[in-house]
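> prediction below, plus the sequence it came from.
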Amino acid sequence: MFSADAFESSSRSGTSELFDVLIHRVRGSSHAVTTDHRLRASGLFGLYVLAMYAVSISYADFAVLGNFKPISLTVVVYIPLMLLMMGRSAIDTLLRRSHSGANLYQIVGWSLLACMAVLHALWYPEVVRAGGEADFWSNAAMTLLLPLLMWLIGLSIGRVYENVRDVVSTRFMLWTVFLALAAPVLYGVVASMVRYGVVILLFKNYETGQSFNYLALGDTLAVWSLLLMGAYRRIPRTQLLVYVIASGLLFFSFSRASFYLFLAWGGIYLWLSAMRHRSVVGTVVGPVLSAVVLGAVLLVLSEHQATIGASPLLNRMISIVLSPGADSSVQSRAVLLGAGWAVLRQDWLLGRYMSEWWQTGLLGDYIHNWLSFLAAYGIVPFASFVALAVALARRARALLARGRGPLPLITLLFCLSAIILARSYVWPQIWFAMGFVVTYTCGTVGERKT
């Protein structure tokens, strides 16, 4: 038999325990909501920083053509953006706002960037003694500053992109930047028609002799278009619309690697998306019809070589497919590759940063593919880079198999294809793609598979 006092005491104890459990759950729920909010804020911050970088590319193009006041992108844009991203990352880490712990991919990526920073520091005195300090900093902005910035942005966005992609404000910002990147392409073509009567991208100011980097414009537009397609994962028709518009813009952008790689990987994106939605039209009819149309177009163009030769735009964009051996750009890259092999045979172990500068006194005459990374940094960083890229490709494939969608895989494969075939160690977009895949869906925000 229990006494009344004993029963009252037991009742109070049970009530107290229940109250403690409820308080714990409420606090846990509150902490989860706070963590979700902070992760979203961090990811959106990274997306806005990437947007500012993309808009700066468009601004610089208009500045070269005399529409805006020229600025130093490194001083005015890249360094402030990098400091913002580093500051945000440091705050998140100190306050434990980010995902708990760094995974192996992050450790390898950060180690590789640290190794590159050390090599920059080691080569700096020699370059300065040879009279190339200005060239060193100009090159380092592309080989150290921007890779670090893109890596931080990718890490930030990848963690929460699935959870913010279908937010109205996110889509509005993605479309706004897409239009900002399309603007210099459209303006360049129209200005060329008005001034010279030729349909081609005007990327050179003939009064000042300056040219803007149409390759950077094309690559940025292609990557941004993939992100925009990913924002409409559940709306295949909008994905197709973005794909068609972006392909047209990239054709006029004068960047053949950007155009053809986006045409290929963007098409595969649509196919994978159609498979996910179990669309017979998108999975079977679409690819077959596209192949037939593409074959017919190439057949017609091959029979009108004279027409192609008379059009600078068509000659630039189509001749590489119909007669690659006669293409001047392919020939010059073959020459650079041949010269690069001599450098690789001599410096493959430790590398030689800015190897083309040491040979010719000029920047830009490097091997236009992934081997330029080996020439610049040596075998250990290059092997680490390759291993990390392969591991991340496998991770992105696993994400696709788990129902996460094709965006991380296609973005990485687009960038890997670009740097393997046509870009070089000064190309920063590959670092965004790798960071994006490293943390994709690693956040605690809504781990959903829809």
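Perfect, I can see it now. Residues are numbered from 1 along each chain as shown.
> low pLDDT regions in the chain?
1-36, 38-39, 93-102, 277-290, 293-310, 442-450 (pLDDT under 70).
> ok, which stretches of it are strands?
Here the chain has its strands, by DSSP state E, at 204-205, 210-211.
> mind listing the strands the last one pairs with, and their directions?
Translated: strand 210-211. When pairs are called by DSSP bridges, strand 210-211 turns out to pair with strand 204-205 (antiparallel).
> can you list the strands of the chain in CSV and add distance to Phe68?
To be clear about C-beta, it is placed using only N, CA and C from the backbone, and glycine gets the same treatment. Formatted as CSV, the strands of the chain follow (distance: least, C-beta to C-beta, whole Å):
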stretch, distance to Phe68
strand 204-205, 12
strand 210-211, 13
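> so which of those gets nearest Gly364?
strand 210-211 (12.1 Å; C-beta to C-beta).
> next, the distance between the ends of stretch 349-363.
Length of stretch 349-363, first residue to last, C-alpha to C-alpha, to the nearest Å: 22 Å.
> in it, what's buried?
Gly351, Arg352, Tyr353, Met354, Ser355, Glu356, Trp357, Trp358, Leu363 (16 or more other C-beta atoms under 10 Å).
> contacts only, for the closest residue to Ile410 other than its chain neighbours.
Among residues not flanking Ile410 along the chain, Tyr269 sits closest, at 4.5 Å (C-beta to C-beta, 6 or more residues apart in numbering). Contact partners of Tyr269, counting by C-beta atoms under 8 Å, 6 or more residues apart in numbering, are Leu226, Met229, Gln239, Tyr243, Pro406, Leu407, Ile410.
> ok, back up a step: can I get the strands of the chain in a markdown table including mean neighbour count and distance to Leu186?
Below are these laid out as a markdown table (neighbours: other C-beta atoms under 10 Å; distance: least, C-beta to C-beta, whole Å):
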| stretch | mean neighbour count | distance to Leu186 |
| --- | --- | --- |
| strand 204-205 | 15 | 17 |
| strand 210-211 | 14 | 18 |
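> quick one, which of these is nearest to Val77?
Taking those one by one with C-beta to C-beta, strand 210-211 is closest: 17.7 Å.
> list of residues touching that closest one?
Contacts of strand 210-211 (C-beta under 8 Å, 6+ apart): Val64, Phe203, Lys204, Asn205.
> list the contacts of the last one.
When you say that, I think you mean Asn205. Residues near Asn205 by C-beta under 8 Å, 6+ apart: Val64, Leu65, Gly66, Ser211.
> just the buried ones from those?
Val64, Leu65.
> please identify the buried residues of stretch 263-275?
Leu263, Trp265, Gly266, Gly267, Ile268, Tyr269, Leu270, Trp271, Leu272, Ser273, Ala274.
> and the residue nearest to Ile410, how close does it get to Ser156?
To Ser156, Tyr269 is 23 Å away according to C-beta to C-beta, to the nearest Å.
> Ala375 now?
Remark: distance between Ala375 and Ser156 (C-beta to C-beta) = 31 Å.
> same check, this time on Val128
Distance from Val128 to Ser156, by C-beta to C-beta: 34 Å.
> who has more neighbours out of those two?
Ser156 (27 against 12; other C-beta atoms under 10 Å).
> touching, the more buried one and Phe45? I think so.
Yes: between Ser156 and Phe45 there is a contact at 6.6 Å, judged by C-beta atoms under 8 Å.
> got any residues that touch both of the two?
Arg88.
> re earlier: if I look at the residue nearest to Ile410, how far off is Ser332?
32 Å.
> next one: Tyr53
Counting by C-beta to C-beta - Tyr53 and Ser332 are separated by 29 Å.
> same question, Trp224
29 Å.
> ok, the two, which is more surrounded?
Shown here are Trp224 and Ser332; by other C-beta under 10 Å, Trp224 has more neighbours (22 against 12).
> surely that one is in contact with Val177?
Yes: counting by C-beta under 8 Å, Trp224 touches Val177, with 6.2 Å between them.
> residues shared between the contacts of those two?
If you check Trp224 and Val177 against C-beta under 8 Å, 6+ apart, the residues they both contact are Ala54.
> buried ones in stretch 374-394?
Those would be 374-378, 381-382, 384-385, 388-389, 391-393, for stretch 374-394 by 16+ other C-beta under 10 Å.
> among those, name the ones in helices.
Using DSSP state H, 374-377, 381-382, 384-385, 388-389, 391-393 are the members of the buried residues of stretch 374-394 that sit in helices.
> what separates Thr208 from Leu201, distance-wise?
In terms of C-beta to C-beta, Thr208 sits 17 Å off from Leu201.
> mind listing the helices for the stretch 301-450 of the chain?
Counting by DSSP state H, counting those that start in this stretch, one finds helices in the stretch 301-450 of the chain at the ranges 305-310, 312-322, 328-347, 355-360, 371-377, 379-401, 407-421, 429-438.
> picking up where we left off before, which of Thr208 and Leu201 has more neighbours?
Set Thr208 next to Leu201 and count neighbours by other C-beta under 10 Å: Leu201 wins out with 26 against 11.
> can you give me phi and psi for that one?
Torsion angles at Leu201 (phi, psi; degrees, to the nearest 10) stand at phi -80, psi 120.
> got the contact list for it?
Counted by C-beta under 8 Å, 6+ apart, Leu201 has contacts Val185, Gly188, Val189, Ser192, Tyr214, Phe252, Ser253, Phe254, Leu313.
> swap in 10 Å and give it another go.
61, 184-189, 191-192, 212, 214, 217-218, 251-255, 312-313, 316 (C-beta atoms under 10 Å, 6 or more residues apart in numbering).
> go on, Ala418?
Ala418 touches 215, 218-219, 222-223, 255, 257-258, 261-262, 265, 369-370, 424, 427, 429-430, 433, counting by C-beta under 10 Å, 6+ apart.
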